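1. one predicted model, sequence on top.
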Amino acid sequence: MQKRITIAIDGHSSCGKSTLAKSLAKKINYIFIDSGAMYRGVTLFCMRNQLIENGTPLTVEVLKHLSEINLSFRYNPKTDKADLFLNDENVEELIRLPDVAANVSKIATIKEVRQKLVDEQQKMGVKGGIIMDGRDIGSVVFPSAELKLFVTASNEIRAQRRFDELVSKGIQTTFQEVYDNLVQRDELDSNRTESPLIQTSDAVVIDTTLLTREEQLDLAYQLYQKTIA
Ligand code: DC
């Protein structure tokens, strides 16, 4: 039987990580976990419980409520992907809304939130055969992952892709709003004290600016084959 490895995919917001991770997971029959969805789920909980004031998390309050947050992924046959559940409620669509995007990077700076989610993510990966995407997957969650990819793309192309995605879902926003949120999140994600987004020295860089989805998948698949060979 073929060895089932761990694949870590990190990179900036909206560079196509999740799309690539999802299609590679489907092709090689691996589990795909979108770790950003988990940070978004915690953020939605905090927003609903007034644990964020004027864009700033009330950290002490957030910590008091952490044990009430139960996150899980459940397969949705209609979309052929896993949806995020927050305390048994399907929140997959809600966590993608711009107001959650506007708050999530601040929630992701809280050490105890990260510890809780990293712990859950590591448990999901104990058996291998998993592709996880995020910001700290190759550096913190799975530092021994056999294959690490660092995905990137220009700011303009990333903002355009995210804008098109939101518009196609009927969500009201502007290109500038999406662009500004993306730059602000990159800044926070890369400069926070707790597990900032970094490109580890053993990661292979994939710049998706000029690549089609098929070309990205081909490249990642070749790297996977080389790794298991
Ligand atoms: O991948 P995404 O845009 O859905 O991630 C949402 C936010 O969560 C992002 O701004 C940074 C944070 N995040 C993180 O800090 N660590 C991860 N492993 C995944 C996401």
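-> Noted; the coordinates are in hand.

2. tell me how far the helix or strand harbouring residue 37 lies from the chain's centre.
-> Using DSSP states H and E, the element containing residue 37 is helix 35-48. A distance of 11 Å separates the centroid of the chain from that of helix 35-48, by C-alpha atoms, centre = their mean, to the nearest Å.

3. can you check stretch 85-101 too?
-> Averaging C-alpha positions (C-alpha atoms, centre = their mean) puts stretch 85-101 13 Å from its chain's average.

4. how near is the residue most central in space within the chain to the ligand?
-> The chain has residue 36 as the residue nearest its centroid, 2.9 Å off, counting by C-alpha atoms, centre = their mean. Residue 36 sits 3 Å away from the ligand when distances are taken as C-beta to the nearest ligand atom, to the nearest Å. Using the backbone N, CA and C atoms, a C-beta is placed for each residue, glycine as well.

5. just checking, residue 81 touches residue 23?
-> No - counting by C-beta atoms under 8 Å, residue 81 stays clear of residue 23, with 10.6 Å between them.

6. if we can go back for a sec, mind listing what's buried in the helix holding residue 37?
-> Under the neighbour-count criterion of 16 or more other C-beta atoms under 10 Å, helix 35-48 has 35-47 buried.

7. would you turn those residues into JSON lines with pLDDT?
-> Shown next, in JSON lines, are the buried residues of helix 35-48 (pLDDT from 0 to 100):
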{"residue": "35", "pLDDT": "97"}
{"residue": "36", "pLDDT": "96"}
{"residue": "37", "pLDDT": "97"}
{"residue": "38", "pLDDT": "98"}
{"residue": "39", "pLDDT": "98"}
{"residue": "40", "pLDDT": "98"}
{"residue": "41", "pLDDT": "98"}
{"residue": "42", "pLDDT": "98"}
{"residue": "43", "pLDDT": "98"}
{"residue": "44", "pLDDT": "98"}
{"residue": "45", "pLDDT": "98"}
{"residue": "46", "pLDDT": "98"}
{"residue": "47", "pLDDT": "98"}
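
8. many thanks, have a good one.
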